[in-house]
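**Student:** Sequence and predicted structure are below.
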Amino acid sequence: MGRKRNFDVNLGESQEWFPKQVWEKHDKGELELVWDNCGVKEKDRDKARTMATVALWCVQYLPEARPSMRNVVKILEGGAEAATTPPNPFQHLISSANVPSCMVSISNSTTD
């Protein structure tokens, strides 16, 4: 899953960024809909679920929240399990998009 620089949280689902769609379906427990839309066969769905979970961990905003490549390879090769459900990797986009610009300024003033 890649990053898109001109991400717009206000677009409709049909034009929404694919990684964000995957996160939303993952969060709601509806990844089966993604598999159906992408033509993933029944026999490959466990592997697709693992790959999506790892991808969602790999696109975390904070680098320290991302898994090491060693762990990614172990998980994808079947030598380890993905630890837990990843946190929303797009929260920083949603939070900053909903904050009015007048609320973003930092005040360094002191009161007497």
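**Tutor:** Perfect, thanks for sending it.

**Student:** buried stuff in stretch 27-47?
**Tutor:** Buried positions in stretch 27-47, judged by neighbour count with 16 or more other C-beta atoms under 10 Å: 31, 34, 35, 40. The C-beta positions use only the backbone N, C-alpha and C, and glycine is treated the same way.

**Student:** Show me which positions of the lengthiest helix in the chain end up buried.
**Tutor:** Ranked by residue count and defined by DSSP state H, the top helix of the chain is helix 45-58. Buried residues in helix 45-58, counted by 16+ other C-beta under 10 Å: 49, 51, 52, 53, 54, 55, 56, 57.

**Student:** check contacts around the residue lying closest to the first one once chain neighbours are set aside.
**Tutor:** For residue 49, the nearest residue in space outside its immediate sequence neighbours is residue 31; the separation is 6.1 Å by C-beta to C-beta, 6 or more residues apart in numbering. Taking C-beta atoms under 8 Å, 6 or more residues apart in numbering as the criterion, residue 31 is in contact with 22, 25, 48, 49, 52.

**Student:** where exactly do the helices run in the protein?
**Tutor:** Using DSSP H, helices in the chain cover 18-28, 31-38, 45-58, 69-77, 91-97.

**Student:** where does the chain have low pLDDT?
**Tutor:** Residues of the chain meeting the criterion pLDDT under 70: 1-16, 94-112.

**Student:** which of the buried residues of helix 45-58 sit farthest apart?
**Tutor:** 49 and 57 (12.9 Å; C-beta to C-beta).

**Student:** and residue 51, how far is that from residue 45?
**Tutor:** Distance, residue 51 to residue 45, by C-beta to C-beta, to the nearest Å: 10 Å.

**Student:** got it, and residue 93?
**Tutor:** Counting by C-beta to C-beta, the gap from residue 93 to residue 45 is 28 Å.

**Student:** try residue 79
**Tutor:** 20 Å.

**Student:** Can you add distance to residue 83 and give the helices of the chain back as a markdown table?
**Tutor:** Shown next, in a markdown table, are these (distance: least, C-beta to C-beta, whole Å):
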| stretch | distance to residue 83 |
| --- | --- |
| helix 18-28 | 15 |
| helix 31-38 | 18 |
| helix 45-58 | 8 |
| helix 69-77 | 9 |
| helix 91-97 | 19 |
